[in-house]
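Trainee: mind looking at a prediction? Sequence and model below.
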Amino acid sequence: MTRDPRYDVLFEPVKIGPLTAKNRFFQVPHCNGMGSVYPSSMAAMRAMKAEGGWAVICTEETDIHPTSDITPYIEGRLWDDRDIPTFARMNEACHQHGALTGIELTHTAARDASLYSREVPMSVTARPTKAGNYPAQARAMDKADIRDYRRWCREAALRARKAGFDLIYVYCRAGTSMNGDFLSPVMNTRTDEYGGSLENRARLTREVLEDTHDAVGDTCAVAIRYTVDSAASPTGETNHQETLDFIEMIAEVPDLWDVNIREWRRDSMPSRFGPEASQEDLVSFVKAMTTKPVVGVGRFTSPDTMVGQIRRGVLDFIGAARPSIADPFLPKKIEEGRLDEIRECIGCNMCVTADELIVPMRCTQNATIGEEWRKGWHPEIIPAKESDDGVLIVGAGPAGLEAARTLGERGYGVTLAEAGSELGGRVAHEARLPGLATWGRVRDYREQQFIRLTNVEVYRESALTAEHVREFAMPRVVLATGATWRRDGIGHEHVVPINGADGANVFTPDDLFAGATLNGPVVVYDDDHYYMGGVIAEKLRLDGLDVTLMTPESDISSWTHVTLEHKWIENRLYEIGVEIVEKHAITGINNTEVAIEHTGSGRGRAIPCASVVLVTSRQSNDALYHELMADQTALDAAGITSVTRIGDCLAPSTIAAAVYSGHRLAREIDSPPTGDDVPFLRELPELGPY
Ligand code: ADP
Ligand code: SF4
């Protein structure tokens, strides 16, 4: 297949300073929970994107000095020459595929407390460090410190070039970088030539840009990453005129402008709260102010939207973090006219959670991300089948769908049986909840691939019993029958059933999905802490009911802090009038009220309500598995050699975990791991002298 000529513009080469990018696909800096701690995993993940056609591949933020120690978070690190091999590995692997590589050098100033190095943090003025609310403060920098800082930046740029980087970033974001803190009219209260007027506050950024040019600009390009709303006023509003003045002042100094917005929750906008290209109105003015190429992001997955960004003069490069994680081969698929094979990002931000959880990243759509090196998983090339065994998969939720797709790609004959009339399992239901339609892509992508995979047969409205499974007589049986929300209230806080949970006025999310009608007022009780409690409360309120959302945690939907959705969810619920009760647990339910207790003080009270929805935890639908396993003779007679549970049927978890579980099964079906060995490669620290 060949590419549609209307996408030709996306494949034009673009000059960046002394370099030329082969097309307009630009993987902007993004953290990944691997960085310098799991270096080969990081390098192989980046290289996969280079193989997938991205013209520029960047690192995550990379701290340049022990006074800017990001620990415990896992990012890049370039403190001395011993850090070079990590990045050299990444660069060599990416260069093999014709990509340019960029490094986002940064000093995080007062953001981090330098917990590993125990150096005293420093910033434009003395102020508390931010990350983790650690009770430490940064000291104010004097002139000698500023000279040191400039020298460290220069040395880091030279080191980055030695490691093989093509593009060197100067980072300028208020609150998380030295340059941004100096530029900020709020943070910078200095009275010397680095404070006061915009020209003075911009001095450091300009100097670092010029120093970097001077150090490496003959062979490397110099980029600025600038958050266009960094010029916040004392009241927090962006002083747009100052932003314009700053850009005008240094418009031609960098070789490339990478523009985005300051708050991460807006920058990595969850799809529930913002569409593709949601930053356009905020960053589009930059391009008219400079002759240098401009890159920006917007969860771009549609080639038509991308073309629109270029043709309308919004951007020169299509920047992406999440779309390149969900599909490292996005550019190649557009180039080769394989649009129906694009695995579109769903905007769930499971990838983002890696940062706060301090673990290698995972993705709901792409089970292979982070596994390229340690498991040798390639997102597009999957080893051919090792036997002619037919595989029966029961259940077409995320786990069953991904297992069927991946086994199909391997060439196995697959029969996928689904009880319902539509595919998707939990995703089919949840995509109908307010704001979650984009999550339906988990189903859509996989369903789409079945058109091509003629060896995968799909049966809808086919609820299978043990007898049916045996009648199919396929050697391999995979159970992906999912899970059901508990009715008894057992969850994180409640280890025994809640009194009165068996009442007729008590419901679960599954009842709502099945069309139950509730009387108000309703109490939604969230002891699950991810998105479900909040989104059910939103749905019921939008249905016109009076709703109280209650949780034993100190925040509703508390786990969504790490997906950057929390503030959005909280705002939405306040806006539509959902009552929020935090730090309270239910002690009993009857027909007219719930009895509740403060989790700290134990003080009790009651909330009148007609219905209660318990969003607490789920139970695996594993009865079919146990029935099959209880009769080994019947399995043998049917020629069934393996019965395997995957996804929520084995243990309820996230959609990402279900997809991963389905993918893993498909890779390992011929030789399942014994469970005795570590199932992936590891890199151990090199021991120092002793
Ligand atoms: P997961 O997240 O693990 O994929 P889901 O709950 O999303 O799990 O999906 C499980 C799917 O399995 C649902 O679509 C459900 O209808 C289907 N299912 C459950 N039991 C059976 C069965 N006995 N026969 C066929 N399909 C089933
Ligand atoms: Fe997109 Fe979700 Fe994957 Fe992140 S985890 S890349 S948001 S699909």
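Mentor: Thanks, I have the structure now. Residues are numbered from 1 along each chain as shown. Ligands and ions are numbered 1, 2, ... in the order given.
Trainee: quick one: contacts for the one residue sitting closest to the centre of the chain?
Mentor: Geometric centre of the chain, nearest residue: Cys351, 2.2 Å, by C-alpha atoms, centre = their mean. By C-beta atoms under 8 Å, 6 or more residues apart in numbering, the contact list for Cys351 reads Asn32, Ala321, Arg322, Ile325, Met361, Arg362, Cys363, Ile369. For glycine as for every other residue, the C-beta is placed from the backbone atoms N, C-alpha and C.
Trainee: same question for Ser302.
Mentor: Glu276.
Trainee: any figure for the gap between Met269 and Glu593?
Mentor: 39 Å (C-beta to C-beta, to the nearest Å).
Trainee: where does Glu457 fall, helix, sheet strand or coil?
Mentor: Taken by DSSP: H, G, I helix; E, B strand; the rest coil, the conformation at Glu457 corresponds to strand.
Trainee: I'd guessed it sits against Glu418; true?
Mentor: No: with contact defined as C-beta atoms under 8 Å, Glu457 does not reach Glu418; the gap is 11.6 Å.
Trainee: of the two, give the one with the bigger neighbour count.
Mentor: Per other C-beta atoms under 10 Å, whichever of Glu457 and Glu418 has more neighbours is Glu418, with 26 against 15.
Trainee: gap between the residue lying closest to that one once chain neighbours are set aside and Arg460?
Mentor: Leaving out its chain neighbours, the residue that sits closest to Glu418 by C-beta to C-beta, 6 or more residues apart in numbering is Ala396, at 3.7 Å. From Ala396 across to Arg460, the span is 8 Å (C-beta to C-beta).
Trainee: so what sits against both of those two?
Mentor: Glu418, Gly420, Leu423.
Trainee: where does the closest residue to Glu344 other than its chain neighbours land in three-state SS?
Mentor: Spatial nearest neighbour of Glu344, chain neighbours left out: Thr301 (4.2 Å); criterion: C-beta to C-beta, 6+ apart. Assigned state for Thr301: coil (three-state reduction, three-state DSSP).
Trainee: when you give positions from now on, start the count at 51
Mentor: I'll keep to 51 as the first residue from here, and by that count the last item is Thr351.
Trainee: who's in contact with Thr351?
Mentor: Glu326, Pro373, Ala376, Asp377, Leu380, Ile392, Glu394, Cys395.
Trainee: farthest-apart pair in the residues you listed, please.
Mentor: Spanning the widest gap among those are Glu326 and Asp377, at 14.2 Å by C-beta to C-beta.
Trainee: these two: who's more crowded?
Mentor: Asp377 (27 against 19).
Trainee: I'd guessed the more buried one sits against Arg388; true?
Mentor: No: look at Asp377 against Arg388 with C-beta under 8 Å: they stay out of range, at 10.9 Å.
Trainee: read off the pLDDT value for Gly286.
Mentor: The model reports Gly286 with a pLDDT of 67.
Trainee: how about the residues of the stretch 301-450 of the chain by ligand 2?
Mentor: Contact residues, the stretch 301-450 of the chain versus ligand 2 (C-beta under 6 Å from any ligand atom): 372, 375-376, 395-401, 413-415.
Trainee: mind doing that once more with 5 Å?
Mentor: Arg372, Ile375, Ala376, Cys395, Ile396, Cys398, Asn399, Met400, Cys401, Cys413, Thr414, Gln415 (C-beta under 5 Å from any ligand atom).
Trainee: out of Met319 and Glu643, name the residue with the larger neighbour count.
Mentor: More crowded of Met319 and Glu643, by other C-beta under 10 Å: Met319, with 25 against 18.
Trainee: tell me how many other residues surround Ala301.
Mentor: By other C-beta under 10 Å, the burial measure for Ala301, its neighbour count, is 14.
Trainee: nearest spatial neighbour of it, skipping sequence neighbours?
Mentor: Closest to Ala301 by C-beta to C-beta, 6+ apart is Thr340, at 4.2 Å.
Trainee: closest residue of the stretch 601-740 of the chain to ligand 2?
Mentor: Closest residue of the stretch 601-740 of the chain to ligand 2, C-beta to the nearest ligand atom: Ala706 (6.4 Å).
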